[in-house]
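Visitor: Below are the sequence and a predicted model for it; my questions follow.
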Amino acid sequence: MVTPVHRRPFAVRFRDGFTYLASRTPARFALVIFSGLIFIFTSLLSLPIMTATGTRAPLADAVFTATSAICVTGLVTVDMATYWSPLGEVVIVVATQLGAVGVLTLASVMGLIVSRKLSLRQRLLAAGDVNPMSLTKAGGDSPASRLGEVGGLLATVAVSMLVIELALALLMLPRVLLEGHPFGTAVIESLYFSAMSFTNTGFVFADAGLDPYATDIWFLSLMMIGVILGGLGFPVIYALRRNFLRPRRWSLHVKLTLVTTGILFLLGAATYMALEASNEESIGGDGVGNLAFQSLFLSVMTRSGGFSTFDTGDLNHSSMLVTDMLMFIGGGSASTAGGIKVTTLAILFIAAFAEARGNTSMEAFERKIPGDVLRLAVSVVLWGATTVALSCIILLQLQKEANLDAVLFDVISAFGTSGLSSGFTATLEEAGKYVLSMTMFMGRIGTVTLAAALAASQRRQLFTRAEERPIVG
């Protein structure tokens with residue numbers, strides 16, 4: 001005998017409805033989860049007890065802060081060290097932890113909690129965070145995206161976050177204690193710094209900010225390690241954990257991520273050294289050793305970390321343009337970083353080199369790359385560029401006195417979830433805060449996820465048209 005729907009317990013009906021929604025369109029389900037989280041944390045941050053003064057935060061600031069936390073961006077419209085109460089700071093840190101898990105993996109975990117098991121659709125949803133192409137009908141056949149490894153990936157996400165953040169906090173604690181803080185305060189600050197580093201968020205809750213550690217190689221190195229580990233991506237961490245000493249077993253995705261990330265770090269550092277050597281307002285004027293280290297720190301943070309030891313607005317215009325490019329690229333796929341991702345950039349360069357050499361196929365590390373990967377990479381870049389352009393146009397129209405360089409810098413920072421600011425974000429009016437919040441949302445959920453969510457189905461064409469080549473270039 002089947003129990004009527006209206007007589008089933010509410011928890012059972014909720015679980016069944018939740019599972020049904022997740023099984024329909026996984027990408028759209030993930031967007032719903034992410035949007036719901038932003039709504040929940042906006043509601044929480046709107047409570048009077050969340051601010052230091054006990055007054056209700058303006059809705060625009062609550063929305064912006066919740067979006068920046070969930071999207072692990074780090075841009076702020078209020079002083080994080082003084083505006084929020086201790087409870088508000090805890091809520092914001094929790095939001096960054098949830099956002100760092102990743103929109104798709106997070107949705108899968110929530111589905112697992114409610115449904116008590118991972119269905120095939122939910123496993124595909126989690127696999128989408130390993131390889132976003134699995135969200136499309138074409139799918140992906142990377143070894144990292146096999147459904148049998150999804151359980152291991154979810155475990156890696158949880159364990160790696162916990163272990164890495166705790167380890168960083170323990171290593172940071174002695175240095176924070178040297179500042180004269182009570183032990184309890186030092187522990188909290190160490191945990192905050194480690195969490196904000198690994199999640200690539202960039203929020204600073206300490207009253208003195210990063211000023212006490214601006215020249216401390218040990219502390220800043222730990223922050224760079226956290227940002228790099230968070231920006232590599234959980235699939236890379238998962239692969240390295242299993243085959244760290246056996247690089248021959250690394251997948252093409254892992255190799256491309258590591259090589260491209262390393263090249264960008266070094267090129268970025270060398271470029272900043274050349275451009276900022278004479279700029280005493282930023283990192284120049286304190287010797288070659290300090291210039292080299294600060295250049296490397298800046299190169300790491302521009303990719304998504306969001307921390308800065310000086311006012312980013314003091315950079316030369318040439319350096320700001322370089323920073324724009326690095327922030328737009330972002331970090332690794334399925335990581336706490338945003339942007340178009342380093343593998344997207346690598347695919348575009350591989351395709352360009354293959355075309356220049358007259359090769360009919362793209363190859364890297366003795367592997368052939370399918371053509372649909374290139375189409376997806378081009379789509380990601382076009383989506384990202386369109387998002388940045390539209391946001392800049394709207395913000396320039398809303399705030400006519402704003403400077404294009406400053407607006408472009410902060411918009412790309414929002415899209416790439418970097419968190420660095422030229423100072424423009426602090427001058428935003430209410431409408432501008434909502435526009436930049438949407439930009440952060442678009443950057444964090446990923447252009448691939450958004451495209452897959454909008455395309456409910458992929459048409460199957462049963463015929464082909466006559467071929468004709470247009471003139472390109």
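Guide: Everything's here; your move.

Visitor: Which positions within stretch 249-256 qualify as buried?
Guide: Within stretch 249-256, the residues scored as buried using 16 or more other CB atoms under 10 Å are Trp250, Ser251, Leu252, His253, Val254, Lys255, Leu256. Backbone N, C-alpha and C define where each C-beta goes, glycine included.

Visitor: nope, stretch 172-187 is what I meant
Guide: Of all the residues in stretch 172-187, those buried under the rule 16+ other CB under 10 Å are Met172, Leu173, Arg175, Val176, Leu177, His181, Ala186, Val187.

Visitor: Just give me the least confident of the residues you listed.
Guide: Scanning those for pLDDT, the low point is His181. It has 88.

Visitor: The helix or strand hosting Leu87 - contacts with which helices or strands?
Guide: Element membership for Leu87, per DSSP states H and E: helix 86-101. Using 3 or more CB pairs under 8 Å, 6 or more residues apart in numbering; DSSP states H and E, the elements in contact with helix 86-101 are helix 26-45, helix 59-70, helix 103-115, helix 150-177, helix 183-198.

Visitor: Swap in 6 Å and give it another go.
Guide: helix 59-70 (3 or more CB pairs under 6 Å, 6 or more residues apart in numbering; DSSP states H and E).

Visitor: who's in contact with the helix it packs on?
Guide: Applying CB atoms under 6 Å, 6 or more residues apart in numbering, the contact partners of helix 59-70 are 37-38, 41-42, 45-46, 75, 77-78, 92, 95-96, 99, 430, 433, 437, 440-441.

Visitor: so it versus helix 86-101, what angle?
Guide: Calculated by axes from the mean of the first three to the mean of the last three CA atoms, to 10 degrees, helix 59-70 forms an angle of 50 degrees with helix 86-101.

Visitor: tilt between the helix holding Leu87 and helix 183-198?
Guide: Using the same axes, to 10 degrees: helix 86-101 against helix 183-198 is 30 degrees.

Visitor: Quick one: work out the angle between helix 86-101 and helix 150-177.
Guide: Going by the same axes, to 10 degrees, helix 86-101 makes 140 degrees with helix 150-177.

Visitor: Quick one: mean pLDDT over helix 86-101.
Guide: Across helix 86-101, pLDDT averages out at 90.

Visitor: Same question for stretch 272-289.
Guide: 89.

Visitor: So which bits of it are buried?
Guide: Buried residues in stretch 272-289 (16+ other CB under 10 Å): Tyr272, Met273, Leu275, Glu276, Asn279, Ser282, Ile283, Gly284.

Visitor: quick one: the third one and Gly285, what's the gap?
Guide: This points to Leu275. From Leu275 across to Gly285, the span is 14 Å (CB to CB, to the nearest Å).

Visitor: Over to Gly419?
Guide: In this view, Gly419 and Gly285 are 26 Å apart by CB to CB.

Visitor: Not counting sequence-adjacent ones, nearest residue to Asp324?
Guide: Of all residues not flanking Asp324 in the chain, Ile412 sits nearest, at 5.0 Å (CB to CB, 6 or more residues apart in numbering).

Visitor: Tell me the first helix or strand C-terminal of the helix or strand in which the one you found is found.
Guide: Of the helices and strands defined by DSSP H and E, Ile412 is found in helix 404-415. Downstream of helix 404-415, the next assigned helix or strand under DSSP H and E is helix 430-445.

Visitor: No further queries at this time; thank you.
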